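A.B. asks: Any chance you can model this:
(one chain, ligands or ions: 1)
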Amino acid sequence: MTDQKIPRSLPLSEAMTISAQAIGEVMAGRSLTEVLDQLDAHERPIVQSLTFDALRKWVRSHELIKELIPKTPPPEVEHLLSVAIALFLHNGAEGKGYAVHTIVDQAVKACSEYEPTMYAKGLMNAVLRKVSLAIQAENEKPYPPDPVPMFFPPWWRANLKRNYSKAWQAMLIQQAQRAPLILRVNAQQHTRQEYQDLLQQAGITAEPIHSVAGTALDSALLLREPVPVADLPGFYSGAVSVQDAGAQLAAVLLDPKPGERVLDACAAPGGKTAHVLELAQCDMIALELDGERLGKIGGNLDRLRLQSDAVRVVRGDASKGAWWDGKLFDKILLDAPCSASGIVSRHPDIPFLRREADIQSLQTRQRAILEQSWKMLKSGGTLLYVTCSVFPEEGEDQAVWFATKHADALRLSAPGQILPDELNDGFYYALFKKNGP
Ligand SMILES: C[S@@+](CC[C@H](N)C(=O)[O-])C[C@H]1O[C@@H](n2cnc3c(N)ncnc32)[C@H](O)[C@@H]1O
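C.D. replies: The predicted model follows:
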């Protein structure tokens, strides 16, 4: 997911109402991606942008709401307030965006257009005017009141504090920022330089990202000013994909060669499957447990023109062998189900959805998939274990557990834990070679 410029495709008041409702769904435990997937194409960019910002500024907006409204308002009003306040906060941080009176007018209009909030027009107007003054005063002070404006549950903060005593706060501040747009050029169609030239001809400025965590990247491009994907030359004929630079390490570290038998054990929506196939035409099984997500793999491969008889998308459980034909693999990419704690800047709903107990159950699932995958790997073959997590329980602890348990597992050089940064999300990478005769 990426932030787009806010296109004025929908009146702001309507977008605010939909965004407040989306926040209500997240608070009830639904994934924001799922909620956004149900919107019409013209609604999605603006609603996504408003909702992301509201979730990123949750702590600060709720401090202000608490300060100004002694009795907690009903959730519908609270969510609408958080959407409007986040717009003020982003204006303060970036010095651009909507005028104060527009935000207030549109939020009041949104209130009057939706039955459950209709009664709160006066309250909305009064609170937002006070908030705008408070934020203006705050911006004149040298330090913001809360360095981490985004909500992270206490157990999450405690975990990071324990494991990254110096970096934890900077990590959370980083994850509360808007994420840049990063592209992966399809090497089957263009070199990075060729595509950068095409972008330039279209008036879009991009710069190469040469490496992440010491691993060279040949296809990554950074767009500091995001654009809608429809404006990217050749997007619909597969010239390019949107993919974080940290995620682009997976296929590079796996290092596929033409004709090799490769398993992508947890494949949907297929971003890394596609990247592997862009690098080498291998004999690929893309395995996925979730039937709905499975459909996205084929869609991505179609758009990127990567479908062939050598590529099979299979529904199955990677922790079991029921789907497997018994033929060993040369390489296995295990992009395991995880907390997704490394990709919060692109999925700001995650801290609201995760529970502390999830970490242990994810650890158990990851181990089961690791065990089964190892059985399916040839002697001399390699397995790349990946998570988009920053919790060591899902990263280094797992790699150490695995290497200790398997005398035939040789650890090869790999980046290990990568922390979220301006250009990449947080990922974990461990590479194992199966020793054998
Ligand atoms: C981190 S995501 C994979 C992202 C994907 N590799 C990409 O780059 O687009 C993990 C995926 O594993 C799937 N999954 C979870 N448990 C699984 C299992 N036991 N077997 C196969 N897939 C599983 C999830 O449904 C999810 O789609």
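A.B. asks: in stretch 409-425, what's buried?
C.D. replies: 409, 414-420, 423-425 (16 or more other Cβ atoms under 10 Å). Any C-beta I mention is one placed from the backbone N, CA and C, and that applies to glycine too.
A.B. asks: got the end-to-end distance for that stretch?
C.D. replies: Stretch 409-425 has its terminal residues 28 Å apart, counting by Cα to Cα, to the nearest Å.
A.B. asks: Can you get me a residue count around the nearest residue to residue 344 once chain neighbours are set aside?
C.D. replies: Excluding its sequence neighbours, the residue lying closest to residue 344 (Cβ to Cβ, 6 or more residues apart in numbering) is residue 175, at 4.3 Å. By other Cβ atoms under 10 Å, 27 other residues sit near residue 175.
A.B. asks: Please, where are all the strands along the stretch 301-437 of the chain?
C.D. replies: 311-315, 329-335, 377-387, 409-418, 427-434 (DSSP state E, counting those that start in this stretch).
A.B. asks: Let's have these in JSON lines, adding mean pLDDT and distance to residue 239.
C.D. replies: Listed next are the strands of the stretch 301-437 of the chain as JSON lines, based on pLDDT from 0 to 100; distance: least, Cβ to Cβ, whole Å:
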{"stretch": "strand 311-315", "mean pLDDT": "98", "distance to residue 239": "19"}
{"stretch": "strand 329-335", "mean pLDDT": "98", "distance to residue 239": "23"}
{"stretch": "strand 377-387", "mean pLDDT": "98", "distance to residue 239": "25"}
{"stretch": "strand 409-418", "mean pLDDT": "98", "distance to residue 239": "27"}
{"stretch": "strand 427-434", "mean pLDDT": "98", "distance to residue 239": "25"}
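A.B. asks: For this protein, which residues score under the pLDDT cut-off?
C.D. replies: Residues of the chain meeting the criterion pLDDT under 70: 1-8, 91-96, 139-147, 436-437.
A.B. asks: circling back to that earlier point, nearest to residue 347 among the buried residues of stretch 409-425?
C.D. replies: Nearest to residue 347 among these is residue 425, at 9.3 Å by Cβ to Cβ.
A.B. asks: From the ligand, how far out is that closest one?
C.D. replies: Here the criterion is Cβ to the nearest ligand atom, to the nearest Å. By it, residue 425 lies 12 Å from the ligand.
A.B. asks: still on that earlier bit, rebuild the strands of the stretch 301-437 of the chain as TSV, extending it with distance to the ligand.
C.D. replies: Shown next, in TSV, are the strands of the stretch 301-437 of the chain (distance: least, Cβ to the nearest ligand atom, whole Å):
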stretch	distance to the ligand
strand 311-315	9
strand 329-335	4
strand 377-387	7
strand 409-418	15
strand 427-434	10
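A.B. asks: Go through those and name the closest to residue 257.
C.D. replies: Going by Cβ to Cβ, the one of these nearest residue 257 is strand 329-335, 8.0 Å.
A.B. asks: what's that closest one packed up against?
C.D. replies: helix 249-254, strand 261-264, helix 271-279, helix 356-375, strand 377-387 (3 or more Cβ pairs under 8 Å, 6 or more residues apart in numbering; DSSP states H and E).
A.B. asks: These into CSV, with extra columns for mean neighbour count?
C.D. replies: As requested, these are exported to CSV (neighbours: other Cβ atoms under 10 Å):
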stretch, mean neighbour count
helix 249-254, 24
strand 261-264, 25
helix 271-279, 25
helix 356-375, 16
strand 377-387, 21
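A.B. asks: circling back to that earlier point, from what I see, the residue nearest to residue 344 and residue 420 are in contact.
C.D. replies: Yes. Using Cβ atoms under 8 Å, residue 175 is in contact with residue 420, at 5.5 Å.
A.B. asks: Between these two, which contacts overlap?
C.D. replies: In terms of Cβ atoms under 8 Å, 6 or more residues apart in numbering, residue 175 and residue 420 are both contacted by the residues 344-345, 426.
A.B. asks: which other residues reach the helix or strand where residue 108 lies?
C.D. replies: Using DSSP states H and E, residue 108 sits within helix 100-113. Contact partners of helix 100-113, identified using Cβ under 8 Å, 6+ apart, comprise 11-14, 16-17, 20, 77, 80-81, 83-84, 87-88, 91, 98, 117-118, 120-121, 124-125, 128-129, 132.
A.B. asks: What sits closest to residue 124 if chain neighbours are left out?
C.D. replies: Going by Cβ to Cβ, 6+ apart, residue 124 has residue 111 as its nearest residue, at 4.8 Å.
A.B. asks: Tell me which helix or strand residue 286 sits in.
C.D. replies: With DSSP H and E as criterion, residue 286 is part of strand 283-288.
A.B. asks: got the angle between that strand and strand 329-335?
C.D. replies: Relative orientation of strand 283-288 versus strand 329-335 (axes from the mean of the first three to the mean of the last three Cα atoms, to 10 degrees): 30 degrees.
A.B. asks: Does strand 283-288 pack against any helices or strands, and if so which?
C.D. replies: strand 261-264, helix 271-279, helix 291-303, strand 311-315.
A.B. asks: got a markdown table for these, with distance to residue 393 too?
C.D. replies: Below are those laid out as a markdown table (distance: least, Cβ to Cβ, whole Å):
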| stretch | distance to residue 393 |
| --- | --- |
| strand 261-264 | 24 |
| helix 271-279 | 22 |
| helix 291-303 | 24 |
| strand 311-315 | 28 |
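A.B. asks: Point me to the residue of the stretch 51-200 of the chain nearest the ligand.
C.D. replies: Closest residue of the stretch 51-200 of the chain to the ligand, Cβ to the nearest ligand atom: residue 184 (10.8 Å).
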